[in-house]
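Q: Here is my input, please return the structure:
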Amino acid sequence: GHGGRAKWVGLWDGMNVLALLFVISFPFLIQFMFSPWNYFLRIIAFLFAILIFQGLLLTQSRGGLLATVVALFASLVLRFKPRTALILGAIVLVLAAPLVGFLTTRGLDDSDGSKSASHRVELWAAGLEMAKENPIFGVGKMRFKSSARQKTGLSLIAHNSYVENLGETGF
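A: Numbering: from 1, shown residues only. Modelled structure (predicted):
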């Protein structure tokens, strides 16, 4: 991927999309790790969790890491008694903060030197304008980048699957 980051291939290509696929798996793995299944299945779930977490780190998606922390915390709250969940959740938060900063090259860098945040807002507005101009069928599948380039001068994806799909395929 771009800059050595792992990314998905296909219609929803991008590092953040791949990261969210990894995030979705964590609550399921937690259920396997802390359920009455046999120990072999628990160990397998734990090993898969390590592999998936490594894949998540390779995407270097800050939003994906944040979503993972939230998903893990929510899973713990739903799985355990409130007091136990709070203790485990605090451990997750304490362990997650350094991981975000130290295990990714992007870390918690919130400087917007590349104007990523402002570009996203421009692209979201362009996607909504595409949907407004072509509400039924959109501008066409896989044409978001070219249409966005005409509207904003930016040839980027929207970083918002809903807006991008709405602009491309309409309502």
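
Q: Which of the helices and strands in this structure ranks last by mean pLDDT?
A: Lowest mean confidence among the helices and strands of the chain (mean pLDDT, DSSP states H and E): helix 82-102, at a mean of 73.

Q: can you list the residues that contact the next helix-or-strand element following that helix?
A: Per DSSP states H and E, the first helix or strand lying C-terminal to helix 82-102 is helix 116-133. With C-beta atoms under 8 Å, 6 or more residues apart in numbering as the test, helix 116-133 has contacts from 112, 138-139, 144, 147-148, 151-152, 154, 156-160, 163-164, 166-168, 170-171. All C-beta atoms are positioned from the backbone trio N, CA, C, and that covers glycine.

Q: Phi and psi next, for the residue of the chain most remote from its centre.
A: Most distant from the centre of the chain: Asn38, at 31.3 Å, with distances by C-alpha atoms, centre = their mean. For Asn38, the backbone dihedrals are phi -70, psi 160 (criterion: degrees, to the nearest 10).

Q: which residues touch it?
A: Contacts of Asn38 by C-beta under 8 Å, 6+ apart: none found.

Q: one more time with 10 Å
A: If you count contacts by C-beta atoms under 10 Å, 6 or more residues apart in numbering, Asn38 has them with Ile44.

Q: Could you check the pLDDT of it?
A: At Asn38, the pLDDT value in this model is 87.

Q: for Ser118, same thing?
A: Model confidence at Ser118, expressed as pLDDT, equals 77.

Q: And for it, the neighbour number?
A: Close neighbours of Ser118, defined as other C-beta atoms under 10 Å, add up to 10.

Q: Next, the nearest residue in space to Phe171 that is not next to it in sequence: secondary structure please.
A: Nearest non-adjacent residue to Phe171, counting by C-beta to C-beta, 6 or more residues apart in numbering: Pro135, 5.7 Å away. Here Pro135 is recorded as coil under DSSP: H, G, I helix; E, B strand; the rest coil.
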